[in-house]
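Q: take this sequence and fold it.
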Amino acid sequence: MIVIMGAGGATGGATLRSLAALGVPTRSLSRDPGRLAAALDEHTLARTAIRPADAADPDSLRTAFRGAHQLFLTMANGPHQVRHELNAVEAAVDCGVGHIVKVSAPAAEPDSPVAVSRGHHLIEERLRSSGVTTTVLRPYAFMQKLLLLAPGIATAGVVHGAMGRARCNYVDARDIGDAAAAVLTDPGPAGGTYPLTGGRAYSHPELTALLGELLARPIRYLDLGPSGLHAHLTGRAGMPEWLATHVVEIQQLAVSRGEAPDDTFRRLTGRAPRTLEAFLRENLHRFR
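A: Numbers count the residues shown, from 1 in each chain. From the prediction side, this is the model:
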């Protein structure tokens with residue numbers, strides 16, 4: 001049995017749907033099972049058993065993990081992420097789960113310039129010391145996060161950032177789900193660490209040029225610098241302090257460490273990743 005943590009989120013939901021498409025039965029965990037059930041399509045719902053569990057409650061996790069052989073572990077970034085994911089790791093180890101697939105992040109290192117990535121490093125280290133077979137997926141920027149830019153583009157035709165002309169790897173969350181399904185159903189790649197990107201990295205000027213072409217109107221990129229972007233995100237955008245700091249750190253990581261596409265996704269799944277242009281076309285109504 002494969003247990004899916006974070007089934008209501010972007011990567012957990014994508015993984016759940018990818019496994020359902022393959023006909024693989026799963027167990028999905030949620031603090032609100034009714035809400036998760038209402039969000040799933042009929043095909044996916046028929047192939048998963050939804051169970052209540054809370055990452056802050058280790059007893060509920062142990063109950064939910066009993067009888068499971070594999071765990072897909074993903075949680076939203078946040079102040080409690082490390083503690084909650086470590087709770088899941090300990091519960092999985094206690095229950096005899098043999099393989100854990102964890103969604104991590106680029107630059108998951110002890111001295112990473114990105115605080116969230118330092119947290120992922122701590123979780124990865126605990127997994128490696130646990131004796132459980134551990135597969136780590138390190139996706140770059142989610143295409144779905146670009147939808148957060150839609151209001152500013154729709155109303156003012158502006159994208160704010162702090163990356164200059166540095167390029168950013170974008171990957172569709174659905175591709176992360178397909179990659180996760182591949183490593184959960186094929187023992188061959190188990191135990192590896194895999195970066196996940198799309199087929200091309202884009203700078204913000206290139207992104208706005210593509211959006212402008214698709215929308216048939218000018219879209220501007222306004223570089224605010226790190227401090228200016230942080231002030232914009234916490235002020236006008238109303239973003240929490242920790243999240244604004246994370247966004248700035250991620251953008252500065254792209255500046256300090258040039259990003260380029262990687263072929264790992266193709267090697268894991270046998271196909272090319274979804275393109276940014278296709279994703280934007282699919283969601284173009286959101287930017288109008």
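
Q: tell me which stretches of the chain form helices.
A: Assigned by DSSP state H, the helices in the chain fall at 10-21, 33-39, 42-45, 58-65, 81-94, 115-129, 150-156, 173-185, 204-215, 225-234, 241-256, 264-269, 276-282.

Q: need those helices in a markdown table with mean pLDDT and mean neighbour count, can you?
A: (Each C-beta comes from the backbone N, C-alpha and C, glycine too.) Formatted as a markdown table, the helices of the chain follow (pLDDT from 0 to 100; neighbours: other C-beta atoms under 10 Å):
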| stretch | mean pLDDT | mean neighbour count |
| --- | --- | --- |
| helix 10-21 | 96 | 24 |
| helix 33-39 | 93 | 14 |
| helix 42-45 | 94 | 13 |
| helix 58-65 | 96 | 19 |
| helix 81-94 | 96 | 20 |
| helix 115-129 | 95 | 18 |
| helix 150-156 | 91 | 14 |
| helix 173-185 | 97 | 23 |
| helix 204-215 | 96 | 18 |
| helix 225-234 | 95 | 16 |
| helix 241-256 | 94 | 18 |
| helix 264-269 | 96 | 18 |
| helix 276-282 | 97 | 16 |
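
Q: tell me which of those helices lies nearest to V3.
A: helix 58-65 (6.0 Å; C-beta to C-beta).

Q: and of the helices of the chain, who's closest to G164?
A: helix 241-256 (6.3 Å).

Q: that older thread, distance to T135 added to the helices of the chain, as a markdown table?
A: Shown next, in a markdown table, are those (distance: least, C-beta to C-beta, whole Å):
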| stretch | distance to T135 |
| --- | --- |
| helix 10-21 | 12 |
| helix 33-39 | 24 |
| helix 42-45 | 22 |
| helix 58-65 | 17 |
| helix 81-94 | 13 |
| helix 115-129 | 9 |
| helix 150-156 | 33 |
| helix 173-185 | 5 |
| helix 204-215 | 31 |
| helix 225-234 | 33 |
| helix 241-256 | 23 |
| helix 264-269 | 10 |
| helix 276-282 | 25 |
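
Q: closest one to I2 among those?
A: Using C-beta to C-beta, the helices of the chain put helix 173-185 closest to I2, at 5.7 Å.

Q: give me the helices and strands touching that closest one, please.
A: Packing contacts for helix 173-185, counted by 3 or more C-beta pairs under 8 Å, 6 or more residues apart in numbering; DSSP states H and E, involve helix 10-21, strand 70-73, strand 99-103, strand 133-139, strand 193-196, helix 264-269.

Q: now for D41: which residues touch it?
A: Contacts for D41 (C-beta atoms under 8 Å, 6 or more residues apart in numbering) come out as R17.

Q: from A20, how far out is it?
A: As judged by C-beta to C-beta, to the nearest Å, D41 and A20 stand 9 Å apart.

Q: OK, contacts around R27?
A: Contact analysis of R27 by C-beta under 8 Å, 6+ apart lists M1, I2, V3, I4, T48, A49, I50, R51, A64, A68.

Q: now D186
A: For D186, no residue meets the contact criterion (C-beta under 8 Å, 6+ apart).

Q: one step back: would you turn the helices and strands packed on helix 173-185 into TSV with distance to A156?
A: TSV is the format used below for the helices and strands packed on helix 173-185 (distance: least, C-beta to C-beta, whole Å):
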stretch	distance to A156
helix 10-21	26
strand 70-73	39
strand 99-103	33
strand 133-139	29
strand 193-196	32
helix 264-269	34
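
Q: looking at these, which is nearest to S112?
A: Nearest of the helices and strands packed on helix 173-185 (C-beta to C-beta): strand 133-139, 11.8 Å.

Q: what are the pairing partners of that closest one, and which direction each?
A: strand 99-103 (parallel), strand 193-196 (parallel) (DSSP bridges).

Q: and among those strands, the most buried is which?
A: Mean neighbour count (mean count of other C-beta atoms under 10 Å) peaks for strand 99-103 among the strands paired with strand 133-139, with a mean of 24.
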